[in-house]
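Asker: below are the sequence and a predicted model for it; my questions follow.
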Amino acid sequence: MPRERIVERLRRELMGYGVLGQNERIPERPSFRYLIGQLYPACADQAAADEQMQLGNDTTDVEIDTRDEEPRAAATVRADEEGELDDRDDPHAGENQDDDTPRVSHPFLPQSIGLTCNVSPEATWVDAEVDFGTYREVPPPGGGRGRSDWERTHRNHQHRIPIPSSDSTLRDSISFPGAGASDPAATLEWIIRRNRDADGEVTVILSAFLINSTAWPLDDADPDRVRVPEDGYCLFQPALRLMDREGSLPFVDRKPESRWASTDPDLERFKLLFRCYPEFAVGHGCAASWSGVSNDLTRSASVFTELIPEHELPRVVYDPLELAGASTRFLEMNHLAGLAVEDLRPELSTLQTAYRRWIAAREAEVAGAGFPANLITKAREHLDGCLRACRRIEDGIDLLCSNADVLHAFRFMNEVIELQQRHVGLVRLRREAETQIALGRVAIPVSLPPSGPAYRWRPFQLAFILMNLRGLVEPGHADRRLVDLLWFPTAGGKTEAYLGLTAFILALRRLRARGQTDPQLPRGDGGVTVIMRYTLRLLTSQQFQRAAALICACELARERHRFGTEPFLIGMWVGSALTPNGVAEAAEVLRGGRSLNGGDPRQLERCPWCGTRLTTPDYTADADTARLSIRCPEVSCEFHHTDLPILLIDEQIYGRCPSLLIGTVDKFARLPWQKSFSVTLWHC
Ligand SMILES: [Zn+2]
C-alpha cells in the first residue's frame, strides 16, 4: 500500500533506524541524521546546574566543535522553567517537585517520554517494555582525520509493574544501566494512584516514564557551562509500551466525563460526536496510541508512546444513487437549468426526503437501547438543528415553485455554474497539455468538455443553496440573522456552493431591477453584490480564477437573459504588495518600471475562460480612463475582442463597483479609514 510505505519512509527519515537495521552504522552523527526522538541525559549535579542556569545565562552561545569537519551547535542550556508535564494530566501536579519525579531538563532537550493511562482496578500488574538505541562513535580507520561512523546498539528492557490492591499512591523505578561506564543508562519510573470516589468507584491511574538517566557532562574547561551533550550520551528512537503479556485487556477508557468536565457548549458537542472514540492514554513529551481495543470500546490490550502520531482522515464519499434511488437527474445542472415548474417539487424533494430519512434513522438510534443516557439531551438538540435545516430546504423548494423571478435566477445559476465548471475543466486540460509538451510527450487534445450529466451538484451543495434561498430573497426574513457555516473537508466543493449562491443573487437583482422603470431612481442591479473575504494567505490564484470563470459565464449570459447594460465584474481587492493601487502606477509597471510597493498588475497567469497564458502585451493600462484592460491572446476565445470582466486595481474597483468583490482580510480591516471604499460599498 503506498500510504503505509510513505508513512514508513517518513518515520525512518525523521526518527531513524530501519534503513540499515537495528544495528545500523551511519556515516554521520545520529543527531544530524534524525530530527525526532532524542532523549538527553540528566544533569550530573542538577541542583548546581539549576542554580547556574538561574544566574543569568540568558544568552545562547553557539560553539563550533572543530573535532569534526561539520559545524556543531553546542548551545549553552538555559532552563529556568521546568515546563514539563501538563498539569491536567500530571500526577505530580501541585506536589513537591524536590522528589524524584521525572523531569524534562529543558523544553528543547527532553529527558523523558511518558504515558498516563487508566488501569482496570482488577488488574494486579502491567508489563512495561522499553526500546531505544544508543550510538557509539567509530573513528575512521588508521586514526586519520576522516569522518567517524556511528554504530547503533539496540536496547530492549522489560519489567512487570505491580498494581497495589489498596488505595494509595505508589512511586517506584528501575534502572537499566548501559554495558559499560560510557554507555547511556535508562530508567523506567512509574507512579500509581489508586483512588476511590464518593460512590465507592475505584480509579487506578498509572503514569510511566522512560528517562535518560545518564549523567549530564559538564564542560571540563569551563565547569560553569552546561553543554549540550554528545550523541553518545543520548537515547535515540525511544519507545515505551505497557501491556499485559498474559493477554488480558488491562486499560480502560479515561472517562470522558472527567476529561471534558466543562460547561463549554462546544465541548458538550464533542462528547456526543466523539463518543465512539475512546482515549486510553495521554502522552507526556510525545503522543500516545493503543492497540487491541475491545469491541465495546471500553478496554484495550496495550498503550504505547508515539513520537510521530498518525491518523488517516478518510475521504468523504457520497453516493447520490444511495441517496435518491434510481435517478440522480435532480442533481444535474443542465437538467435543473431547464426544469419546468411542475417538475421542480417532485425532483428536488428527493433530496429533502433522503435527508428526512437520515434524520429519522438518527432519531431511532438516540431512542434505542445502548445510546448513552447522558448524551440524549445534546443529541436531541443536534437533531432539532437537522430538522430546522430540513425545513429550510423545503422552504427553498416552496419559494422556487411560487416565485417566477426566483425560479429564473435558480435556472440562471444552474446554467452559469455548469458553464463555469466546463471552462475550469478546459483550463485544466490546457495546463495538462502544456505539461505534456514540456515533458516531450504527445500533447493531449484540448477542447471545451461537452455539457451533460457529468456536471452535477453534490447533494450538500444543492441543500446549502436551497436552504439559503428564502433568506437571500426576503430582506426581512429571520434567516438574515443567521450565519451559515459550510463545513466540509478541503477539495469537497465548498467554493462551488458559495459561487452558486453568488450567481443566484446576481441574477435576482437584475430581475428585480426590471420592474424599476422610474429613470429618477437607481435601478439597483449594479454595484457590489457579493463579498468574499479570505485570510491573507488563503486566497490563491486558482480560487480567484474559478470565481473569475463564473463572472465570465454570467457576463456572456447577461444579454440573453436581458439582465441590463451594467456588466458583471469581479474585483480582486488585495494588498498593494500584490497589485498597484492606481492605474498610472500599473501602467508604469507594464512599461517595465517598478511600483511603489513592488506590486504587479499581472496577477492572472491564464485566461480564466480558456486557460491560455497571459503575458504583458495582454494587459493595457490607460491612466486617462483609469482602466486596466485584460484581453485573451487566443483568437477563438470570447474574451479576445472584449475585455475580461476582471478588475485588479483598487482605483478601478472604487470606480466601477464590481458585482463580486474578493478581498483579503487586511483590506477589510482598513475599511473605516478609507472613504473611497466606503463609497464602493454604498453602491451595494
Ligand atoms: Zn481566453
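Answerer: Arrived safely, thanks for sending. Computed from a prediction, not measured in an experiment: that's the story for all the values here.

Asker: hmm, who's touching the one helix or strand F32 maps to?
Answerer: In this structure, F32 sits in helix 30-33 according to DSSP states H and E. Contact partners of helix 30-33, identified using C-beta atoms under 8 Å, 6 or more residues apart in numbering, comprise G16, I26, Q38, E70, Y135, W150, R152, D231, C234, F236. All C-beta atoms are positioned from the backbone trio N, CA, C, and that covers glycine.

Asker: can you give me phi and psi for the residue found closest to V473 once you drop the neighbours it is linked to in the chain?
Answerer: Nearest non-adjacent residue to V473, counting by C-beta to C-beta, 6 or more residues apart in numbering: V406, 5.8 Å away. With angles defined as degrees, to the nearest 10, V406 sits at phi -60, psi -40.

Asker: just to revisit the earlier point, chain center to the helix holding F32: distance?
Answerer: 30 Å (C-alpha atoms, centre = their mean, to the nearest Å).

Asker: quick one: name the residues of the stretch 551-684 of the chain near the ion.
Answerer: C607, W609, C610, T612, C632, E634, C637 (C-beta under 5 Å from the ion).

Asker: wait, the fifth one touches P608, no?
Answerer: No. Contact status for C632 versus P608: not in contact, 9.2 Å apart, counting by C-beta atoms under 8 Å.

Asker: identify the contacts common to the two.
Answerer: L644.

Asker: of these two, who's got more company?
Answerer: Neighbour count, other C-beta atoms under 10 Å: between C632 and P608, P608 has more, with 30 against 26.

Asker: check contacts around the more buried one.
Answerer: H423, V427, Q545, R546, A548, A549, C552, L644, I646 are the contacts of P608 under C-beta under 8 Å, 6+ apart.

Asker: quick one: pLDDT of it?
Answerer: At P608, the model reports a pLDDT of 96.

Asker: could you do the one 4 residues further on as well?
Answerer: What the model reports as pLDDT for T612 is 95.

Asker: again, but for D87
Answerer: Reported pLDDT for D87: 37.

Asker: returning to that earlier point: what is the helix or strand following the helix holding F32 packed up against?
Answerer: Following helix 30-33 in sequence order, the next helix or strand is strand 38-39 (DSSP H and E). For strand 38-39, the elements it packs on are strand 202-212, strand 235-243, judged by 3 or more C-beta pairs under 8 Å, 6 or more residues apart in numbering; DSSP states H and E.

Asker: got the angle for the first one vs strand 235-243?
Answerer: Taking axes from the mean of the first three to the mean of the last three C-alpha atoms, to 10 degrees, one finds strand 202-212 and strand 235-243 inclined to each other by 160 degrees.

Asker: what helices or strands is strand 202-212 leaning on?
Answerer: Helices and strands touching strand 202-212, by 3+ C-beta pairs under 8 Å, 6+ apart, are strand 38-39, strand 112-119, strand 125-138, strand 186-196, strand 235-243.

Asker: partner strands of the longest one and their direction?
Answerer: In other words, strand 125-138. strand 149-162 (antiparallel), strand 235-243 (antiparallel) (DSSP bridges).

Asker: residue numbers of the chain in contact with the ion?
Answerer: So far as C-beta under 5 Å from the ion goes, the chain lies against the ion at C607, W609, C610, T612, C632, E634, C637.

Asker: ramachandran angles for the first one?
Answerer: What that stands for is C607. According to degrees, to the nearest 10, C607 has phi -70, psi 120.

Asker: look up how far G425 lies from it.
Answerer: 14 Å (C-beta to C-beta, to the nearest Å).

Asker: what residues sit buried inside the helix or strand containing R357?
Answerer: Remark: R357 resides in helix 341-367, with elements defined by DSSP H and E. Within helix 341-367, the residues scored as buried using 16 or more other C-beta atoms under 10 Å are L344, E347, L348, T350, L351, Q352, A354, Y355, R356, I359, V366.

Asker: give me the residue from the stretch 151-300 of the chain nearest the ion.
Answerer: With C-beta to the ion, the shortest gap between the stretch 151-300 of the chain and the ion falls at L273, namely 45.8 Å.

Asker: give me the neighbour count for that residue.
Answerer: 13.

Asker: now do the contacts for whichever residue of the stretch 251-400 of the chain sits closest to the ion.
Answerer: Closest to the ion within the stretch 251-400 of the chain is M333: 22.1 Å, counting by C-beta to the ion. Going by C-beta under 8 Å, 6+ apart, M333 touches N414, E415, I417, E418, Q421, Y455, R456, W457.

Asker: can you pick the most crowded of the residues you listed?
Answerer: I417 (28 neighbours).

Asker: per-residue confidence for that one?
Answerer: So, for I417, pLDDT stands at 97.

Asker: report the secondary structure state of it.
Answerer: When classified by DSSP: H, G, I helix; E, B strand; the rest coil, I417 comes out as helix.

Asker: doesn't A497 make contact with it?
Answerer: No. With contact defined as C-beta under 8 Å, I417 does not reach A497; the gap is 9.8 Å.

Asker: SS state for the spatially closest residue to M467 that is not a sequence neighbour?
Answerer: Counting by C-beta to C-beta, 6+ apart, R392 is the residue found nearest to M467 once chain neighbours are left out, at 3.8 Å. For R392, the assignment made with three-state DSSP gives helix.

Asker: hmm, back to that, least confident of the contacts of helix 30-33?
Answerer: Scoring the contacts of helix 30-33 by pLDDT puts E70 last, at 28.

Asker: centroid-wise, who is the farthest residue in the protein?
Answerer: Centroid-distance maximum for the chain: G142 at 53.1 Å, with C-alpha atoms, centre = their mean.

Asker: pLDDT value on that one, please?
Answerer: 75.

Asker: surely it is within a helix?
Answerer: Yes. Judged by three-state DSSP, G142 forms part of a helix.

Asker: which residues touch it?
Answerer: With C-beta under 8 Å, 6+ apart, G142 has no contacts at all.

Asker: ditto for the one 4 residues further on
Answerer: For G146, the contact set (C-beta under 8 Å, 6+ apart) comprises P140.

Asker: tell me the SS of it?
Answerer: On the basis of three-state DSSP, G146 is classed as coil.

Asker: look up the closest residue to W573, ignoring the ones flanking it.
Answerer: Closest to W573 by C-beta to C-beta, 6+ apart is G663, at 3.6 Å.

Asker: hang on, that neighbour is in a strand, isn't it?
Answerer: Yes. Per three-state DSSP, G663 lies within a strand segment.

Asker: just give me the neighbour total for it.
Answerer: 20.

Asker: begin at 42 from now on, thanks
Answerer: Understood, numbering begins at 42; the last thing we discussed is G704.

Asker: that one reaches V571, doesn't it?
Answerer: No. Counting by C-beta under 8 Å, G704 does not reach V571; the two are 11.3 Å apart.

Asker: with that, I have no additional questions.
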